[in-house]
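1. Quick check, what structure comes out for this input:
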Amino acid sequence: MNKFNITTKAMRNSLKMGALALITCLGMISCQESDNVIDTVLETTQQGAVLRTLEVVSGTMNSSLPDSEFAVMVEEQDNQGGNLLEQVNLYVTIDDNTPANGTTAGVKTLVKSFMPSDFTPGPFGLPRATLSTTFGESAAALGLTFADYAPGDIFVVDLELLLTDGRVFDNSSASGSTSGGFYSSPFRYSVPLVCSPAPGVYTVNMVDSYGDGWQTTSSGGGEGLTIDVDGTILMVGMCSPYGSAGGSFLESGAGTGCTENAGSAATGTITIPAGAVSAEWTFPGDFWGEIGFDIIAPDGTTVLFSGAPGSVAPGIVPVVFCAM
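-> The predicted structure follows:
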């Protein structure tokens with residue numbers, strides 16, 4: 001073997017060793033970064049405790065239904081395997097986002113407490129429970145009357161964890177490493193307040209400024225206002241003379257479902273049945289910028305006035321008229 005071959009072999013071996021060392025070094029750095037996150041969480045848990053969010057079972061409250069509830073499934077973790085759990089308190093505060101009916105001051109108020117007997121061992125032996133409060137319980141605890149809240153307000157639910165050694169943990173003690181991700185333990189949840197629609201016949205007064213009916217999603221027609229009532233889809237809209245036979249909802253002709261009209265104006269109705277929990281109104285769009293409409297509640301109240309034709313953006317239409 002000549003000198004050139006010996007040197008080349010030695011250089012090749014040296015490069016292999018260098019690459020191996022670099023890979024090992026990078027692997028150590030990667031492991032170290034991963035371990036740092038885990039160490040932070042473990043250190044936090046060893047020093048304190050968390051209520052890990054497993055699932056938000058129900059994330060809204062319905063002001064029309066006193067028994068509608070917010071519910072969250074949590075797992076208590078401490079450095080004694082859950083044996084330090086003494087009690088979990090549930091507090092509620094109202095965040096008033098609807099100044100039209102006045103401003104309600106938010107006062108953090110205790111609604112109920114959960115004891116160790118309310119928890120059961122999970123797959124890892126740690127105590128788990130579904131913690132909940134109904135709209136009726138929360139409103140009563142806060143001393144709210146019908147005039148104090150409205151759909152759009154937020155109920156802020158705070159959890160407070162008490163340990164047998166006297167320590168207390170809540171949202172103020174949640175760190176970045178435990179408030180999100182796998183160890184999600186925020187201790188605080190924002191719960192939007194919604195309502196059920198009042199039953200009855202809703203009148204929709206429709207106009208088209210050009211006088212050729214509605215063209216919503218295309219120049220030849222489209223769909224009308226869509227109302228999702230507990231999963232049942234209803235529609236109302238002005239017929240268009242441009243829809244092809246058997247095509248869009250807004251084509252002209254008997255049995256198409258749209259409202260026949262002289263081109264410029266029409267009136268349609270939607271009936272929401274008694275007992276409906278939700279009704280979501282959606283406007284598909286306005287292809288030519290010519291569409292306008294008003295929505296009148298069963299008692300004659302105007303719940304939506306679109307204004308000038310072409311002024312309504314596609315998407316959810318804010319129709320709120322609550323069942324009492």
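2. Flag the shaky bits of the protein, pLDDT-wise.
-> 1-47, 174-183, 244-247, 252-256 (pLDDT under 70).
3. how does it look with 80?
-> Within the chain, the ranges that satisfy pLDDT under 80 run 1-48, 100-101, 174-184, 243-257, 324.
4. could you show me where the helices are in it, in order?
-> 3-47, 135-142, 176-179 (DSSP state H).
5. Using CSV, write down the CA coordinates of the second one.
-> Included here for helix 135-142 are C-alpha records, laid out as CSV according to Å, rounded to 0.1, in the frame of the first residue of the first chain:
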residue,chain,number,x,y,z
PHE,A,135,-75.9,29.4,34.6
GLY,A,136,-78.5,29.4,37.3
GLU,A,137,-76.0,28.6,40.1
SER,A,138,-73.5,31.2,38.8
ALA,A,139,-76.1,34.0,38.3
ALA,A,140,-77.6,33.3,41.8
ALA,A,141,-74.2,33.4,43.5
LEU,A,142,-73.4,36.7,41.8
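6. Which positions in stretch 110-126 come out as buried?
-> The neighbour-count check on stretch 110-126 (16 or more other CB atoms under 10 Å) flags V111, F114, P116, F119, G122, L126 as buried. The way it works is simple: take the backbone N, C-alpha and C, and place the C-beta from them, glycine included.
7. out of those residues, which one sits closest to Q87?
-> For the buried residues of stretch 110-126, the minimum distance to Q87 (CB to CB) is 7.0 Å, reached by F114.
8. circling back: quick check, nearest of the buried residues of stretch 110-126 to V320?
-> Among the buried residues of stretch 110-126, and counting by CB to CB, the member closest to V320 is V111, at 25.9 Å.
9. hmm, back to that, ok, of the buried residues of stretch 110-126, which one's closest to A150?
-> Minimum distance to A150 across those is 20.4 Å, recorded for V111 (CB to CB).
10. how much space between the closest one and Y149?
-> Distance, V111 to Y149, by CB to CB, to the nearest Å: 15 Å.
11. circling back to that earlier point, which members of the buried residues of stretch 110-126 occur in strands, if any?
-> Mapping those onto strands (DSSP state E) picks out V111, F114.
12. Make CSV from the buried residues of stretch 110-126 and add distance to V303 to it.
-> As requested, the buried residues of stretch 110-126 are arranged in CSV below (distance: CB to CB, whole Å):
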residue, distance to V303
V111, 32
F114, 40
P116, 48
F119, 45
G122, 46
L126, 48
